[in-house]
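Colleague: Just the structure for this:
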Amino acid sequence: MPNNPNRYDSGTSVVLPGSDDMVRSGYNFYGWNTQPNGLGNTYEPADIIIIGTADLALFALWLPAASAVPAFWDGFYALENTPATVALSIHDGRIFTRTTGSETQLFPAAAGYGYTSLYSSDICWSWDGAIPQRFARQTDGSILYRDPGHSIVRYVPCITSYYQVSYDLNGGSGDVPVDSYLHTSGETINVTNSSPSYLTKSGYRFTGWNSQANGKGTIYFLLGYSLNTTFAMPASDVVLYAYWTKLLTTGPAGGLIFYDKLEPSDGWQYLEAAPADLASTLPYYRSGFSNTAAVPTLTVDVGQGYTNTQSLVALMGSDTGYAAGACDAYSVNGYDDWFMPSRSELNYLWYNVWGKSLGGFNYSWYWSSSQTNSTKTQAWCLSFNSGSTAGTTSEDQGFTTNHYIRPVRRF
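Modeller: From the prediction side, this is the model:
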C-alpha cells in the first residue's frame, strides 16, 4: 500500500502515487478521495496537490470492474426550474446529455467508468480523460451532476414515456441501421439514409424505407432522394421496413418494368418504360398556352403520372408539340396507353433502369409531369447524366425549356 512518511511545509507540491500493489477483488482502482465514502474530492494518480495547513488523508477509490447505470434511473430529466426541456436521458446503462433528436454519451466515458450505491442515493463516476464527473441520484429521483469544473446542477424527472425507432431489413441482408436514442411523442425523427450498396436481397433492389412491411405505407428516402426524410414520433415504438423493388424484366410493350407495387390495385401493379425516348425534346406546355390558373395541382407521387398527364391533355388538347400531349399520343408495339411520369415515377426510372446502364437514355434532362409551385410556372425534371450530383437531384425548370421525355405505362 502506498505510504508517504514525509512531512511537508504548507504550499509544497506533491505528486500522488498510483495503486502500487493494492488490489481488491471485483473492483478497479480509480484514484484517491478525501472521504472514505467517495463523496469528497477525487484525485487521479500523478495528480499534483498543494499541501495546506493541516494533515491530509486520502482514501483509495474503488469501483466495480463491470458497471452500468441501474435500470431504475431510466428516464428523461430536465434542468431544475426548466422541466419542459429534456436535457439528460438515461437508458441502456448509459447517461446522455440531450438536445432535440440527438444525445451525447457522458457515462460511461471511454477512459474508465463505474458505479456504486452509497447511503440513500446511487453514485456514478465517469472519467473524461483524467477529469472525473459525478452523477448522484437522490431519494426524490432527481440527479445531481458535478461537471469537470466541479460545478453542481440538478436534473429533475420530466417525462416518463419514451419510444424507440428500429429498422427491419424485411427479408434482406446487410448491416441493420441502429437508432440508439430514446424519443418522445411529437419529436421530429430523421430517417436514416442507408447506402443501398450495403443492403441486398436476391432478385430485388433496395429503394428506401417503408412504414409497413408490405410496402403500402409511407416511403422514406425513396431511392436515396430527400423525399420524406422525417416523421413525427407517435406515442408508440416505430419499425421501418426495407422497401425492395424487383429486378428488371421486359413488359408487354417491349420496355423494361421499373416499378412493382407488390399487388394489383386501381387496375395496375407495374410501371413499364417505353423502349426509347420520344423523337425530339419538347416544352412542358403547348406553345401559346397561358391559362395556368386552370391547371390543377399536379403531384409527385407514384401513381400520379397518368392523372397529371390526363389533366394537362384535357386543358391543352391532343397536340404532340408539348410533352404530355406527345406522351398521350405515343404508340409502340400495339400499346397506346402511355403517359408522362410523375417526379417519383421518374426517380424510379432513373434509379432502376439508367442506374443499371440500361434503357438507352440521353445524358440530359427529362421532364416529369409534376409541378413545383402553386403558380404553375415550374415543373420537376431529372438529369440522367453520367452520375454527377445533378443526376441524383430533381430540379425545377421553366415550362418553355425543351427537355427529353420517356413515356411510361401501367398495367
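
Colleague: Which element, helix or strand, includes Q212?
Modeller: Using DSSP states H and E, Q212 is not contained in any helix or strand.

Colleague: One more: L315?
Modeller: helix 305-316.

Colleague: what about the stretch 1-150 of the chain, any weak spots by pLDDT?
Modeller: Regions of the stretch 1-150 of the chain meeting the criterion pLDDT under 70 cover residues 1-3, 38-39, 63-67, 83-84, 100-101, 109-122, 126-132, 148-150.

Colleague: Could you pull out the helices in it for me?
Modeller: Using DSSP state H, counting those that start in this stretch, no helices are found in the stretch 1-150 of the chain.

Colleague: ranges for the strands of it?
Modeller: 13-15, 27-33, 42-43, 48-50, 59-64, 75-79, 86-91, 94-99, 102-107, 113-118, 121-128, 131-137, 143-146 (DSSP state E, counting those that start in this stretch).

Colleague: For K246, which of these is the nearest?
Modeller: Nearest of the strands of the stretch 1-150 of the chain to K246, taken as Cβ to Cβ: strand 102-107 at 36.6 Å. For the C-beta atoms, the positions are set from N, CA and C on the backbone; glycine is no exception.

Colleague: Give me the angle between that closest one and strand 94-99.
Modeller: 140 degrees (axes from the mean of the first three to the mean of the last three Cα atoms, to 10 degrees).

Colleague: Can you show me the CA trace of strand 102-107 as PDB?
Modeller: In PDB, the C-alpha atoms belonging to strand 102-107 read as follows (Å, rounded to 0.1, in the frame of the first residue of the first chain):
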ATOM      1  CA  SER A 102     -29.700  13.800 -30.500                       C
ATOM      2  CA  GLU A 103     -27.800  12.500 -27.500                       C
ATOM      3  CA  THR A 104     -24.100  12.700 -26.400                       C
ATOM      4  CA  GLN A 105     -22.900  10.000 -24.100                       C
ATOM      5  CA  LEU A 106     -21.400  11.100 -20.800                       C
ATOM      6  CA  PHE A 107     -21.400   7.900 -18.900                       C
END
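
Colleague: other SSEs contacting it?
Modeller: Applying 3 or more Cβ pairs under 8 Å, 6 or more residues apart in numbering; DSSP states H and E, we find strand 102-107 packed against strand 94-99, strand 121-128, strand 131-137.

Colleague: Keeping just the C-alphas, turn the shortest one into CSV.
Modeller: Extracted C-alpha coordinates of strand 94-99, given in CSV (Å, rounded to 0.1, in the frame of the first residue of the first chain):
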residue,chain,number,x,y,z
ARG,A,94,-25.8,4.9,-20.1
ILE,A,95,-26.2,8.6,-19.3
PHE,A,96,-26.6,11.2,-22.1
THR,A,97,-26.9,14.9,-22.4
ARG,A,98,-29.7,15.6,-24.8
THR,A,99,-30.8,18.1,-27.4
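
Colleague: Counting neighbours, which bits of that strand end up buried?
Modeller: Residues of strand 94-99 classed as buried: 94-96, 98 (neighbour count, 16 or more other Cβ atoms under 10 Å).

Colleague: any chance of the residues you listed in TSV, plus distance to R24?
Modeller: Shown next, in TSV, are the buried residues of strand 94-99 (distance: Cβ to Cβ, whole Å):
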residue	distance to R24
R94	25
I95	25
F96	30
R98	35
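
Colleague: What lies in contact with the helix holding L315?
Modeller: The contact list for helix 305-316, computed with Cβ atoms under 8 Å, 6 or more residues apart in numbering, reads 285-286, 289, 291, 294-296, 298-299, 322, 324-325, 327-328, 339-342, 345, 368-370, 408, 410.

Colleague: Distance of T309 relative to F339?
Modeller: Noted for T309: a distance of 4 Å to F339, by Cβ to Cβ, to the nearest Å.

Colleague: anything in contact with each of the two?
Modeller: 324, 327-328, 369.

Colleague: what about Y348, how many neighbours?
Modeller: Residues near Y348, counting by other Cβ atoms under 10 Å, number 23.

Colleague: Provide the backbone phi and psi angles at it.
Modeller: The phi/psi pair for Y348 (degrees, to the nearest 10) reads phi -60, psi -40.

Colleague: so it touches V302, yeah?
Modeller: Yes - assessed by Cβ atoms under 8 Å, Y348 is found in contact with V302 at 7.1 Å.

Colleague: Please enumerate the shared neighbours of those two.
Modeller: Common contacts of Y348 and V302 (Cβ under 8 Å, 6+ apart): 259, 271.

Colleague: before we move on, what SS does V156 have?
Modeller: What DSSP: H, G, I helix; E, B strand; the rest coil gives for V156 is strand.

Colleague: what sits against the closest residue to it other than its chain neighbours?
Modeller: With sequence-adjacent residues excluded and distances taken as Cβ to Cβ, 6 or more residues apart in numbering, V156 is closest to S142, at 4.9 Å. Counting by Cβ under 8 Å, 6+ apart, S142 makes contact with 77, 80, 154-157.

Colleague: May I see these arranged in a markdown table, with neighbour count as well?
Modeller: Shown next, in a markdown table, are the contacts of S142 (neighbours: other Cβ atoms under 10 Å):
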| residue | neighbour count |
| --- | --- |
| Y77 | 24 |
| E80 | 14 |
| R154 | 16 |
| Y155 | 26 |
| V156 | 18 |
| P157 | 16 |
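
Colleague: The residues you listed into JSON lines, with extra columns for distance to T250?
Modeller: Listed next are the contacts of S142 as JSON lines, based on distance: Cβ to Cβ, whole Å:
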{"residue": "Y77", "distance to T250": "60"}
{"residue": "E80", "distance to T250": "68"}
{"residue": "R154", "distance to T250": "68"}
{"residue": "Y155", "distance to T250": "63"}
{"residue": "V156", "distance to T250": "65"}
{"residue": "P157", "distance to T250": "62"}
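
Colleague: Off-centre distance for stretch 152-164?
Modeller: 23 Å (Cα atoms, centre = their mean, to the nearest Å).

Colleague: Out of the strands of the stretch 1-150 of the chain, flag the one nearest T192.
Modeller: Taking the strands of the stretch 1-150 of the chain one by one with Cβ to Cβ, strand 102-107 is closest: 13.5 Å.
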